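Engineer: Next input, structure requested:
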Amino acid sequence: MLTPASSYEDVYRGFRWQIPGSYNIGYDVCDRHAGDVAKRALIYEDAAGQIQEYTFGEIMRRSNRLANALAAQGLGRGDRIGILLPQSPETAIAHVATYKMGAIAVPLFTLFGADALEYRLAHSGARALITDRENLAKIETIRDRLPDLAVIVGADIAKGRREAGVLAWAAALEAASDRFQTAPTGPDDPALIIYTSGTTGPPKGALHAHRVLLGHLPGVELPHEFFPQPGDLFWTPADWAWIGGLIDVLLPAWHHGVPVLAHRMRKFEPEQAYRLMVRHGVRNVFMPPTALKLMRQAGGAPGGRGCRLRTLASGGETLGEGLLEWGRAAFGLTINEFYGQTECNLVVGNCAGVLPVRPGSMGRPIPGHVVEIASDDGRVLPTGEIGNIGIRRPDPVMFLEYWGDPATTRAKFAGEWLLTGDLARKDEEGYLWFVGRADDVITSAGYRIGPGEVEECLTRHPQVALAAVVGVPDPIRTEIVKAFVVLKGGEVASDALAREIQDFVKARLAAHEYPRAIEFVDRLPMTATGKIKRGDLKASELRRTSGSEH
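Structural biologist: Below is the predicted model of the structure:
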């Protein structure tokens, strides 16, 4: 665990990995704390506002029962178990049980359609699925195309009620023993497959080992100002089907014995988020950038409307000065951002307590990780040059492989470096500055323009709610910058407003960076995790200019 020090350099130099020879996530996050019979693990507020609390002992007994019930169905070590549930006690119990068995969890997002679910379940060869009645209808339409799927557990099917081919959760747990011997796993044994969000190309299954949780810990502890501290309570609106909700919040909090708040939000509502944080006394939050922008748009009095947050962290896209200033005014703290990707998460970040936050910067390498700017062939580039964000292997947080895809796994590495596919530069003091995805970078009149900085500037315009920037073909400049802009409610699109927005960016960035074309749209295409799908916008633009879209 990271301990406070006088400087970032002291923290970074003083850190050493401690990876035991035998390690199981399920035991670590649950059974280890169960001896304290009153130790609170989970606070769950359902859609009706009803609140339930669970101790670590209760999570241990229920996960043991589930593990025994699944074992009785012939499931065991190495089997893939899909978990298609929202933030709920059953989701957490299913994860803990799967890890204890030595099986491999496959988290699945409840808003996926049938095609997306079929792809992931078939690709992973899942033998079991734990879901609820709401999602069973989707599964029924594809079940005959999933020959490996032998067991379905219905988490909300009433005790005693039998439905064709579905095992009732309540009945199965009641019939099973609450004692279970955790599988003797090592840190490099596989634990879960998390599918990439599919910003470009088909989703890939990133296979992670049990050690991935230990690898995440410094990247949680530093941005959350030396988490945990007395009284901490963690919450995120990010779904536990994604790495940001599961391994940035739920599992690291439980590793430290810190309670987590669970609540399903079908759609992020800023007012509801404020009320939830106040009602439960939330102290620590991971909030995606899109959610932060919506909260800023909703307004609020200084003090976060009564919120008593100790830490607020964000990741997924670089934050700009505007959001940082809003965070200080609204909550009286600095939003610490962090960076990573599904394959190798939480490797760069900020910690205002020991590291001055520079607006627009991603921060510096998290202790335990060696992060450099590298060329495509794995050479470390000089300070100030733009190149790949590379993480040196071996690293505990790094994925094992892409499931069933050794060629793509090999292509992810150049020598000793994992290349993220994100472009950045490192300054003389070691701060990293995000430029963009390698395939998002715009080349215009000899300049390389990253979309992130332009998008952040656009959203500072008082009439702009959201914006996305892509490069579109131009016969003179190779590409020009085009912006897709969503206006705030009540604002009216016009040519005059487009020119005003162009001048706004030109005055704040540079003449070569301002959007030479602006299109006003009602919404932007986004992944399930809230990232803008610039690839979709660019593909649509190319179809339009080539005359294939009418």
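
Engineer: The chain - how does it break down into domains?
Structural biologist: What automatic domain parsing lists as the domains of the chain is 24-209, 442-546.

Engineer: Of all those domains, which one is nearest Arg393?
Structural biologist: Closest approach to Arg393 among those (CB to CB): domain 24-209, 12.8 Å. Every C-beta, even on glycine, is put in place using the N, C-alpha and C of the backbone.

Engineer: where does Gln87 land in three-state SS?
Structural biologist: Here Gln87 is recorded as coil under DSSP: H, G, I helix; E, B strand; the rest coil.

Engineer: Identify the residue nearest it in space, chain neighbours excluded?
Structural biologist: Ala262 (4.4 Å; CB to CB, 6 or more residues apart in numbering).

Engineer: Need the phi and psi values for the one you found.
Structural biologist: Backbone torsions for Ala262, taken as degrees, to the nearest 10, come to phi -120, psi 130.

Engineer: The one 10 residues further on too?
Structural biologist: Backbone torsions for Gln272, taken as degrees, to the nearest 10, come to phi -70, psi -40.

Engineer: Now do the same contact list for it.
Structural biologist: By CB atoms under 8 Å, 6 or more residues apart in numbering, Gln272 lies in contact with Met265.

Engineer: again, but for Ile104
Structural biologist: Ile104 sits in contact with 78-81, 98, 124, 190-193, 207, where contact means CB under 8 Å, 6+ apart.

Engineer: For ChimeraX, write the selection for the buried entries among these.
Structural biologist: To isolate the buried ones among these in ChimeraX, judged by 16 or more other CB atoms under 10 Å, type:
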select :79,80,81,98,124,190,191,192,193,207
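
Engineer: host element of Ala122?
Structural biologist: Element membership of Ala122, judged by DSSP states H and E, is helix 114-124.

Engineer: And what about Gln502, helix, strand or coil?
Structural biologist: For Gln502, the assignment made with three-state DSSP gives helix.

Engineer: That one reaches Ala517, doesn't it?
Structural biologist: No: counting by CB atoms under 8 Å, Ala517 is not a contact partner of Gln502; they are 9.2 Å apart.

Engineer: Tell me which of these two has more neighbours.
Structural biologist: Neighbour tally, Gln502 and Ala517, criterion other CB atoms under 10 Å: the higher count belongs to Gln502, 18 against 15.

Engineer: any idea of the pLDDT on the more buried one?
Structural biologist: Per-residue pLDDT puts Gln502 at 96.

Engineer: Excluding sequence neighbours, find me the nearest residue to it.
Structural biologist: Using CB to CB, 6+ apart, the nearest residue to Gln502 is Tyr514, at 5.3 Å.

Engineer: Provide the count of other residues in contact range of that neighbour.
Structural biologist: Neighbour count of Tyr514, defined by other CB under 10 Å: 23.

Engineer: just Glu118 next, same as before
Structural biologist: If we define neighbours as other CB under 10 Å, then Glu118 has 18 of them.

Engineer: Gly360 too?
Structural biologist: Neighbour number of Gly360 under other CB under 10 Å is 16.

Engineer: Now do the phi/psi pair for it.
Structural biologist: Torsion angles, degrees, to the nearest 10, at Gly360: phi 100, psi -20.
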